[in-house]
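> Just need the structure, nothing else, for what follows:
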Amino acid sequence: RVPIGVVGVLSPWIYPFLTSVNAIVPALMAGNVVVLKHSFQTPLVAERYAKAASKAGLPKGVFQILHLDHKNTAQLISDARMDGVFFTGSVQGGIAVQNSLTNKFIPCGLELGGKDPAYVMANANLEKSIEGLVDGAFFNSGQSCCGIERIYVHESIYDKFVDSFVETTKQYQLGNPLDAGTNLGPMVKTDAANYVRKQIGEALGKGAKSLVAESLFKASKKETPYLSPHVLVDVDHSMEVMTQESFGPVVGIMKVASDAEAIALMNDSQYGLTASLWTDDMDRATVLARQIETGTVFMNRCDYLDPALAWTGVKNSGKGVTLSKIGYEHVSRVKSFNFRKGD
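Modelled structure (predicted):
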């Protein structure tokens, strides 16, 4: 295999080092030149990368950074000197990247949105499931690429699960992240919080119920990025909160009667990044995991990344692979040498 050449890495504001390093380091190790364009919300991350590259002694020009708007980013991607591009962001952003590549054929990796589901099976360890899924839903105020956004629970344990899930959620302390007692901070900006508020309002208008009173969280106020955690029941797939990416502190919980119903609902999505199964039966989990339309399936864990495993999505969650040995195949290309001796 040989390097692709000049690789563009387009990185988001969320986890600004982690999401970018997954593409930058393999690309450099594979022998490519990397041009990093970071989010306009996190420009100093790009500057720190540049300083680190210089301090590490990388040859001049091997790693470069650019601060660009959308128009100039499209020009960068479509430039004839670019040999590959790797983007992390929204579905709309991924479409824009692909549209910029209509005049050439180069590798294009896209890590896009998700609506990651969890299924709590009848034989699940309730205590561990609740602990893991509350954290999976509300870690970083729900702003995680593979955070849990919808939960399906077997009817035999549904009531117990919901009651304990709600009580655990109430233990969060929403506030300034610089305060020692805070374990749930604000969303990235007010517009993002308002989008989630709109989803919640739409669900409530269609009959959903919110089981955690916003009044418990005094920092949660309209027209601010501070939004309390919301646990919604009596939800269904006619509601945006169960079908469109929220990327905020809200999760819907549905009762299911069987594994087949749970799998059908999990797959009823335009997204396919990760899913999680909560059970003590690994054999059954393996059977169900093969039926779930996502790039990764977890058992008894969620919102987790293992560098040894390929990170990929299906459907509108994107294409391509980062991490693992397979990730290197996407920042290099096959080249055949067919030599014949002169004699």
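> Sketch out the low-pLDDT regions of the stretch 1-150 of the chain for me.
Along the stretch 1-150 of the chain, the model assigns pLDDT under 70 to no residue.
> which stretches of the stretch 151-300 of the chain form helices?
158-169, 190-205, 259-267, 282-289 (DSSP state H, counting those that start in this stretch).
> H38 is nearest to which of those?
For these, proximity to H38 was assessed by C-beta to C-beta; helix 190-205 is nearest, at 18.3 Å. Bear in mind the C-beta positions are built from the backbone N, C-alpha and C, glycine included.
> Any chance you could list what contacts the closest one?
For helix 190-205, contacts defined as C-beta atoms under 8 Å, 6 or more residues apart in numbering pick out 142-143, 186-187, 210, 222-227, 230, 232, 235, 239-242, 244, 246-250, 252.
> hmm, which of those are the buried ones?
142-143, 186-187, 210, 225-227, 230, 232, 235, 239-242, 244, 246-250, 252 (16 or more other C-beta atoms under 10 Å).
> These in strands, which ones?
S210, H230, L232, V250, G252 (DSSP state E).
> Which one of these is nearest to R284?
G252 (24.4 Å).
> I figured the closest one was touching E240, is that so?
No: assessed by C-beta atoms under 8 Å, G252 is found out of contact with E240, at 10.1 Å.
> Let me see the domain layout of this protein.
Per the record, the chain has its domains at 2-112+317-333, 117-299, by automatic domain parsing.
> picking that back up, got the helices of the stretch 151-300 of the chain as CSV, with mean pLDDT, distance to P307 and mean neighbour count columns?
Output for these, formatted as CSV (pLDDT from 0 to 100; distance: least, C-beta to C-beta, whole Å; neighbours: other C-beta atoms under 10 Å):
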stretch, mean pLDDT, distance to P307, mean neighbour count
helix 158-169, 98, 30, 17
helix 190-205, 98, 29, 17
helix 259-267, 98, 26, 18
helix 282-289, 98, 20, 14
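> Nearest approach to P26 belongs to which of the ones you listed?
helix 282-289 (26.2 Å).
> Quick one: list the elements packing against the closest one.
Here helix 282-289 touches helix 259-267, strand 274-278, strand 296-299, going by 3 or more C-beta pairs under 8 Å, 6 or more residues apart in numbering; DSSP states H and E.
> Tell me which strands the shortest one pairs with, and in which orientation.
The partner list of strand 296-299 in its sheet, established with DSSP bridges, is strand 274-278 (parallel).
> Give me the residues contacting the strand it pairs with.
Contact with strand 274-278 is made by 114, 116-121, 124-125, 128-129, 132-133, 136, 146, 148, 266, 285, 288-289, 292, 294-303, as judged by C-beta under 8 Å, 6+ apart.
> Same question for stretch 300-309.
Counting by C-beta under 8 Å, 6+ apart, 18, 116, 118, 125, 128-129, 132-133, 135-136, 139, 144, 146-148, 274, 276-279, 296, 298, 311, 323-324 sit against stretch 300-309.
> if you set the cut-off to 6 Å instead, what comes out?
G136, S144, C146, G147, I148, S276, W278, L323, S324 (C-beta atoms under 6 Å, 6 or more residues apart in numbering).
> what's the nearest residue to E127 if we skip its chain neighbours?
Leaving aside its sequence neighbours, E127 sits nearest to S164 (C-beta to C-beta, 6 or more residues apart in numbering; 7.8 Å).
> again, but for W311
That would be L323: by C-beta to C-beta, 6+ apart, it lies 4.4 Å from W311.
> neighbours of that neighbour, just the number please.
By the measure other C-beta atoms under 10 Å, the count of residues near L323 is 18.
> Okay, it and L232: tell me how far apart.
Distance of L323 to L232, computed by C-beta to C-beta, to the nearest Å: 33 Å.
> How about G181?
Taking C-beta to C-beta, one finds G181 at 26 Å from L232.
> P225 now?
For P225 relative to L232 (C-beta to C-beta), the value is 20 Å.
> Where do the strands of the stretch 51-200 of the chain begin and end?
Secondary structure of the stretch 51-200 of the chain (DSSP state E, counting those that start in this stretch): strands at 63-66, 84-88, 108-111, 117-120, 150-154.
> hmm, back to that, are any of the contacts of strand 274-278 buried, and which?
For those, buried by 16+ other C-beta under 10 Å: 114, 116-121, 124, 129, 132-133, 136, 146, 148, 266, 285, 288-289, 292, 294-300, 302-303.
> count of neighbours near G207?
11.
> typed the wrong thing, it's A219
A219 has 16 nearby residues by other C-beta under 10 Å.
> okay, the strands of the stretch 51-200 of the chain in JSON lines with distance to Y195 next?
Converted to JSON lines, those look like this (distance: least, C-beta to C-beta, whole Å):
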{"stretch": "strand 63-66", "distance to Y195": "29"}
{"stretch": "strand 84-88", "distance to Y195": "19"}
{"stretch": "strand 108-111", "distance to Y195": "20"}
{"stretch": "strand 117-120", "distance to Y195": "20"}
{"stretch": "strand 150-154", "distance to Y195": "17"}
